[in-house]
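Novice: Build me a model:
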Amino acid sequence: MKNIFVINGGQVFGHSGGKFNKTLLDTTIAYFSDKDGFEVRSTDVNHVYDSKQEVENYKWADVIIYHTPVWWFQLPHGFKKYIDEVFTEGHQNGIYHSDGRSSANPAINYGTGGMLHGKKYLLTSSWNAPKEAFTLPGEFFNERTVDEGALFGFHRMNAFTGMQPLESIHFHDVEKNADIPTDLQRYINHLDKLFIQTEQQAGQLLSVNEM
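Specialist: I've put the predicted structure just below:
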């Protein structure tokens, strides 16, 4: 049994209705609920949540799946508030015990105090920006990927807890040129690759090793 904790960081605010990320949340829950060997919990930051229970969800999960839009090249404020509250609640309570340094040599080992080692996370993000804004010379993001650019800090945040990343997936141009059916199929294919095909390959390897 693999425990999956899904967080919808999409937000209803201003001109954003948060519909795409809510659809990703629902798609993720349906995907894993329909398969043997998985148990799913979920949180939507638009709803009331209890920080203590959210910490327990992190501790319970084998994989955390984050769904977030990117607003002004950062997380939406509701999702950032969620992270601040939950990770603070998780200090010395399952998420991290310290920043990892010691008073004997405070210059080294920063970021090694996490308590979520052995767990993994998957990041999905949605953008108004087209993918070419990240890849073409002279375009806005200077040929830096989402993961190495705007969301680099988000990945280091998760590394601080001890978690390891699964391959991210990003959705572009979702405001002006959305193709939701294609995006959802691409996402399902991505989940298949990460969770189904990988498990099958691991099972085949185990069978070979037992021969």
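Novice: Would you mind listing the buried residues in stretch 31-43?
Specialist: 31-32, 38, 40-43 (16 or more other Cβ atoms under 10 Å). From N, CA and C alone the C-beta is placed, and that goes for glycine too.
Novice: Can I get these in CSV including secondary structure, pLDDT and distance to Val70?
Specialist: Putting those into CSV (DSSP: H, G, I helix; E, B strand; the rest coil; pLDDT from 0 to 100; distance: Cβ to Cβ, whole Å) gives the following:
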residue, secondary structure, pLDDT, distance to Val70
Tyr31, helix, 98, 23
Phe32, helix, 98, 25
Phe38, strand, 98, 28
Val40, strand, 98, 25
Arg41, strand, 98, 24
Ser42, strand, 98, 21
Thr43, strand, 98, 19
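Novice: I'd like those residues as JSON lines, with distance to Val174 appended.
Specialist: Output for the buried residues of stretch 31-43, formatted as JSON lines (distance: Cβ to Cβ, whole Å):
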{"residue": "Tyr31", "distance to Val174": "20"}
{"residue": "Phe32", "distance to Val174": "23"}
{"residue": "Phe38", "distance to Val174": "27"}
{"residue": "Val40", "distance to Val174": "24"}
{"residue": "Arg41", "distance to Val174": "26"}
{"residue": "Ser42", "distance to Val174": "21"}
{"residue": "Thr43", "distance to Val174": "22"}
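Novice: and of these, the nearest to Lys119?
Specialist: Of all those, Lys119 sits closest to Arg41, with 13.7 Å by Cβ to Cβ.
Novice: Give me the distance between that closest one and His190.
Specialist: From Arg41 across to His190, the span is 20 Å (Cβ to Cβ, to the nearest Å).
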